[in-house]
Every structure is written in structure tokens, then in C-alpha cells.
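K.L.:
I would like the atomic coordinates for the input below:
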Amino acid sequence: MPQLEVDGATLTYDDEGPRDGEGVPLVFVHGWTANRHRWDHQTAHFSQTRRVVRLDLRGHGESTGAGVGRIDDLAADVLALLDHLKIERFVIVGHSMGGMIAQTVALSHPERVERMVLVNSIGKMAYSRGRALLMAASTLVPFKLFVAANIQRAFAPGYPREEVRQYIRASAGTPREVVMTLYGAMRAFDVSDRIGAIQAPTLLVHGYHDVQLPIGPMLRLATAYPDAIVRVLDAGHELPVEKPAELTAVLDRFLTDTGTDKGTDTDTGTDKGTGADTGTS
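P.N.:
Numbering: from 1, shown residues only. Take a look at the predicted model:
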């Protein structure tokens, strides 16, 4: 597996697919306490026809490195990797915290972002009441219990328990220092007043049952984007693994969209609009 040394961290990444494939490369960025394998389904699909890059963020998965205090620092890691791979222009896809990184990249280097996809992400940290209480209790409970509670809540009701346990075990491998430092970085993240500067066509995909980052703030965020499409799927916060085929299909459609399909939609074709349930708990 290829690795890159960047500012005190060793980043593990995958670079797959034909170099002369369809369109510009796709860059997938995972979320908090996750790893690059959140994108297994999407990578397997898209790497058949185009170049696909995904990485473990510093301190996550098979990458090393301490936590950082700003989302900008994680965005710099992603850009350093793309520079190393000599990828100038790309489509960036970010889940949760990865979506915050994607927006930071699009704002700092708009000329490099052809399109952007935000999966279960927002432009300013806004927790549900339940998530806020859980974070407040983070120093009072054992770290593994804290991680388990966060991951358990990330999945929609009814998702197989054994699969949830697998993701809990994987997330618990993220060092506590990295987890809590990046929590602070996410709390400080706010690009809501700069969204209008992002001119790249943007797709916002959200799980209707997401109680980690409720759907309401995402819908408000979407109204600030000059060129945005919203898709709401029947899932929780972990959309890439809860509904992998459905997400891949939505991404595929967006990447081949000619610009005529705009609006807010769900996987059943019903328009929820801005009146969708905020999912707070």
C-alpha cells in the first residue's frame, strides 16, 4: 500500500483506476474516526472507468500522525497528496468531517475542484441535542464506551448489529488524542458565510434519519450554494455503508449530469424540500 510523509504524519492511500479514464480523478475523503474503506463500494465501481484516490486521514486507519486543531490542516494533507500524485483538477467527495475538508479545499483552491459532493455534511457544526449531551459526557465515560455510543447512533434503526459492532471496533482504534482534538476542529468549523463563493456544481446527499448531523442544517446550507442538487436517502449518518449501491448510483448520475436536473429529491422521488424532519434527538 502506498504511503506519503506529510508534516509529521504518514498518510496511507489508494490510487486506483485508469490514468486516462473518464473525466477527472475522483477523490474520496472519509469522516471522523472512520477510514478510507468507507468508500469500498464507490471505489470498486468508479475505478473501473476512471482514476480514484482515497486516503486514511492522519491518525486514522493505517495512517499515523497526531490530531490537528483546524480542518484547514486536514485539507492541506489532502492537497499535499494530490500534488504528490500530480493531480491538478478533480472531483472531491467528502463524508461528514470529510465534507468539511472538501468545502475547505473548494474555497482555497476553486480552480482545482471540478465538482464537489457532500455526504451527510454541513457548513457549520450543528449537533442534535443527543449528540451534544454525548460530547459533553466524553470526559466522564471510558473512551471505548464513548466511541461505541457515537457509532451506534450513527446508523439508522434496524441496521445489522454485528456490522455496527465491526465499525465500533474499527473506530475505537483511532487514538483518543486524535478523536478529541479533531472534535475541537469540527466545533470551530464554519464556512457558512462563504458558501456562495463555491461555484463548482455541488451535490449534497444526506440520510433522512441522520441524528449526528441532522438534515435541517444541511437543507439550509443547500440554499446558499449557487449550483447545488440535494438528494435525501433512507439512511442514517453512515450513508456510504448503509446504502452503498444507492449512494454510488446517485454519484454516478451527478457525474454525468448535464446541468438540467436540479432540485431536492429523495430516493423514492418524493420532494421533501426544506420542510424535512430535522431528525434532532
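K.L.:
For Arg58, what are phi and psi?
P.N.:
Arg58 has phi and psi values of phi -50, psi 130 when expressed as degrees, to the nearest 10.
K.L.:
burial of the closest residue to it other than its chain neighbours, as a residue count?
P.N.:
Of all residues beyond its chain neighbours, the one nearest Arg58 is Gly65 (3.3 Å), with distances taken as C-beta to C-beta, 6 or more residues apart in numbering. (Glycine included, C-beta is placed from N, CA and C.) Counted with other C-beta atoms under 10 Å, residues neighbouring Gly65 total 20.
K.L.:
how about Gly65, secondary structure?
P.N.:
Taking DSSP: H, G, I helix; E, B strand; the rest coil as the rule, one finds Gly65 in the coil state.
K.L.:
Quick check: it vs Val178, distance?
P.N.:
Using C-beta to C-beta, to the nearest Å, Gly65 is found at 8 Å from Val178.
K.L.:
Number of residues surrounding the nearest residue to Thr49 once chain neighbours are set aside?
P.N.:
The spatially closest residue to Thr49, leaving aside those adjacent along the chain, is Glu22, at 4.8 Å (C-beta to C-beta, 6+ apart). Look at Glu22: counted by other C-beta under 10 Å, it has 13 neighbours.
K.L.:
part of a strand, is Glu22?
P.N.:
No. Assignment of Glu22 by three-state DSSP gives coil, placing it outside any strand.
K.L.:
Can you verify my assumption that it contacts Arg50?
P.N.:
Yes. Look at Glu22 against Arg50 with C-beta atoms under 8 Å: they come within range, at 4.7 Å.
K.L.:
For the residue nearest the centre of the chain, report the pLDDT, please.
P.N.:
The geometric centre of the chain, computed from its C-alpha atoms, lies nearest to His95 (C-alpha atoms, centre = their mean), at 1.1 Å. Looking at His95, its pLDDT reads 98.
K.L.:
Return the backbone torsion pair for it.
P.N.:
The phi/psi pair for His95 (degrees, to the nearest 10) reads phi -100, psi 130.
K.L.:
Pull the contacting residues for it.
P.N.:
Residues counted as contacts of His95 (C-beta atoms under 8 Å, 6 or more residues apart in numbering) are Val29, His30, Gly31, Ala34, Arg38, Val119, Asn120, Ser121, Leu239, Pro240.
K.L.:
The residue nearest to Arg58 and Gly8 touch, don't they?
P.N.:
Yes. Under the criterion of C-beta under 8 Å, Gly65 lies in contact with Gly8, with a separation of 6.0 Å.
K.L.:
before we move on, which element is Val232 in?
P.N.:
strand 228-233 (DSSP states H and E).
K.L.:
Using CSV, write out the CA atom coordinates for that strand.
P.N.:
Included here for strand 228-233 are C-alpha records, laid out as CSV according to Å, rounded to 0.1, in the frame of the first residue of the first chain:
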residue,chain,number,x,y,z
ALA,A,228,-26.5,22.6,-5.9
ILE,A,229,-28.5,19.4,-6.1
VAL,A,230,-29.9,17.7,-2.9
ARG,A,231,-30.7,14.0,-2.6
VAL,A,232,-32.1,12.5,0.6
LEU,A,233,-31.8,8.8,1.1
